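[1] Sequence first, predicted model second:
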Amino acid sequence: MRREIKTLLKEMRSSGDVSAAVAVVSKPDEEIAAASVGLPPGAKTRARFDLGSLTKPFMATLAISEAWTEGLPLDFPLGDGFQDIHPELADKTVEDLLRHRAGFRPWFPFYATCSSPEEVRGRLVAGEGLLGAEPGTYSDLGYLLWGFLFADVSRPSTIEARLSDAVLIHLEIQTTGAPPGAQNDVVPCRLDNGREVELAAELGIEIERRNLVLKGKPQDGNARFLGGVSGHAGLFGTAEDLVRLGAEWLDPWLGSVGDGKDAALAGDGPY
């Protein structure tokens with residue numbers, strides 16, 4: 001199987017679809033095959049990538065763990081956490097944010113229109129021009145707002161610290177975390193911002209087209225603007241880390257996150 005995976009990755013790299021990649025096939029307790037292409041010298045399959053939107057499953061797992069350990073409840077109304085919140089958001093809950101049910105549009109270029117994280121928070125709470133999507137519309141914005149709310153509740157601890165203490169340590173994940181900078185085991189991100197330019201244009205906002213090579217910094221403009229890990233994006237990690245998180249959701253076996261209640265949640269719908 002490893003030979004077939006390696007061939008597929010080489011074809012993807014040759015076609016220009018990827019510059020570097022890792023693929024891992026695994027059972028919950030056994031790795032079956034792994035292969036990689038284009039990684040930094042010596043990194044092998046333990047190279048760290050910008051996880052992008054795969055940050056969200058980690059954050060959803062954190063939110064669930066916190067709810068089960070008497071932290072921020074999933075049914076906590078947003079109106080209880082934010083003053084001057086938009087009326088359409090007041091009765092929405094943490095769970096609505098995590099399940100993309102709050103009515104937020106998919107994305108907005110805060111980094112190009114705001115001057116501070118506090119201004120981003122205010123724009124999200126006010127909701128003006130950011131709402132109106134059908135419930136279930138995939139959205140970065142719900143996770144961004146959850147990040148601000150969770151940061152309020154978890155202070156002085158940071159989101160990254162709570163993620164490590166409540167989730168990563170129990171799943172024996174040691175390499176996922178905040179933007180690491182240009183370390184040797186980090187794979188450079190060669191994606192340009194073309195898609196963001198297109199999305200911004202649809203909103204009547206002009207963004208300069210850039211073709212940056214970022215190493216150890218989030219490709220997502222909003223995550224970079226908000227200091228790295230911001231609820232919706234910003235984590236860096238390895239393919240093996242994703243396998244461990246996926247195994248816990250698909251076939252819970254550690255029973256550490258949420259005191260063994262993972263199975264009930266894993267079958268209760270997507271976060």
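    Right, received. Where do you want to start?
[2] Walking through the stretch 151-271 of the chain, point out its helices one by one.
    For the stretch 151-271 of the chain, the helices defined by DSSP state H, counting those that start in this stretch cover 159-163, 194-202, 221-225, 239-250, 262-266.
[3] looking at these, which is closest to residue 8?
    Closest approach to residue 8 among those is made by helix 239-250 (14.3 Å; CB to CB). C-beta coordinates here come from the backbone N, C-alpha and C atoms, glycine included.
[4] ranking the helices of the stretch 151-271 of the chain by mean pLDDT, which is last?
    Note on the helices of the stretch 151-271 of the chain: lowest mean pLDDT is at helix 262-266, with a mean of 36.
[5] Report whether residue 83 is found in a helix, as I expect.
    No: going by DSSP: H, G, I helix; E, B strand; the rest coil, the assignment for residue 83 is coil, not a helix.
[6] Which residue is the nearest non-sequential neighbour of it?
    residue 125 (7.9 Å; CB to CB, 6 or more residues apart in numbering).
[7] And the one you found, which helix or strand is it part of?
    Element membership for residue 125, per DSSP states H and E: helix 117-126.
[8] for that helix, packing partners?
    Packing partners of helix 117-126 (3 or more CB pairs under 8 Å, 6 or more residues apart in numbering; DSSP states H and E): helix 110-113, helix 140-154, helix 221-225.
[9] Next, report how far the last one is displaced from the centre of its chain.
    Relative to the centre of its chain, helix 221-225 is centred 12 Å away, using CA atoms, centre = their mean, to the nearest Å.
[10] Can you point out the buried residues in it?
    Of the residues in helix 221-225, 221, 222, 223, 224, 225 count as buried by neighbour count, 16 or more other CB atoms under 10 Å.
[11] With the second one instead?
    By neighbour count on 16+ other CB under 10 Å, the buried set for helix 140-154 is 140-151, 154.
[12] Also the shortest one?
    Neighbour-count burial for helix 110-113, with 16+ other CB under 10 Å as criterion, is recorded at 110, 111.
[13] Make CSV out of the helices and strands packed on helix 117-126 and add distance to residue 11.
    CSV is the format used below for the helices and strands packed on helix 117-126 (distance: least, CB to CB, whole Å):
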stretch, distance to residue 11
helix 110-113, 35
helix 140-154, 31
helix 221-225, 30
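[14] mind checking which of those helices is nearest residue 15?
    helix 221-225 (26.6 Å).
[15] What is the closest one packed up against?
    Helix 221-225 packs on helix 110-113, helix 117-126, going by 3+ CB pairs under 8 Å, 6+ apart.
[16] hang on, residue 243 packs against residue 28?
    No: at 9.1 Å, residue 243 does not count as touching residue 28 under the criterion of CB atoms under 8 Å.
[17] ok, the two, which is more surrounded?
    Set side by side, residue 243 and residue 28 show more neighbours around residue 243, with 18 against 14, by other CB atoms under 10 Å.
[18] Contact partners for the closest residue to the more buried one other than its chain neighbours?
    Sequence neighbours aside, residue 26 is the residue nearest to residue 243 in space, at 4.8 Å (criterion: CB to CB, 6+ apart). Neighbour list for residue 26: 32, 243, 247 [criterion: CB atoms under 8 Å, 6 or more residues apart in numbering].
[19] ok, the second one - contacts?
    Right, residue 243. Neighbour list for residue 243: 24, 26, 31 [criterion: CB under 8 Å, 6+ apart].
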